[in-house]
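sequence-free structure coming up:
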């Protein structure tokens, strides 16, 4: 029998890139994360919607503390005021 855990994973990291480029990467080019950090993010798959569009659902296969994990993320609506 398997059990599912629900929660939120948050981390603090230093980003050496302009805010606009980071925003573009995290909203519209999320699929590139597995290319940049394959030891941490094994893969991601678009389950619903379009890359970078609100309402999109992405399934993640990643490694945390040496254990393989799976998670889903949902791209919530945002306004231009929130990204400034």
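On my side now, so go ahead. In this text, all values refer to a predicted model and were calculated from it rather than measured experimentally.

and residue 18, how far is that from residue 25?
With distances taken as CB to CB, to the nearest Å, residue 18 is found 11 Å from residue 25. C-beta here means a position set from N, CA and C on the backbone, and glycine is covered the same way.

neighbour count for these two, which is higher?
residue 25 (15 against 9; other CB atoms under 10 Å).

now the helix or strand that one falls within, how far from the centre of its chain.
Element membership for residue 25, per DSSP states H and E: helix 19-28. The gap between where helix 19-28 is centred and where its chain is centred comes out at 11 Å by CA atoms, centre = their mean, to the nearest Å.

what do you get for stretch 17-31?
Worked out by CA atoms, centre = their mean, stretch 17-31 lies 11 Å from the chain centre.

for stretch 26-46, buried residues please.
27, 30, 33, 34, 41, 44 (16 or more other CB atoms under 10 Å).

helices or strands up against the host helix or strand of the last one?
Okay, so that is residue 44. Residue 44 belongs to strand 41-48 when assigned by DSSP H and E. Packing contacts for strand 41-48, counted by 3 or more CB pairs under 8 Å, 6 or more residues apart in numbering; DSSP states H and E, involve helix 33-36, strand 57-64.
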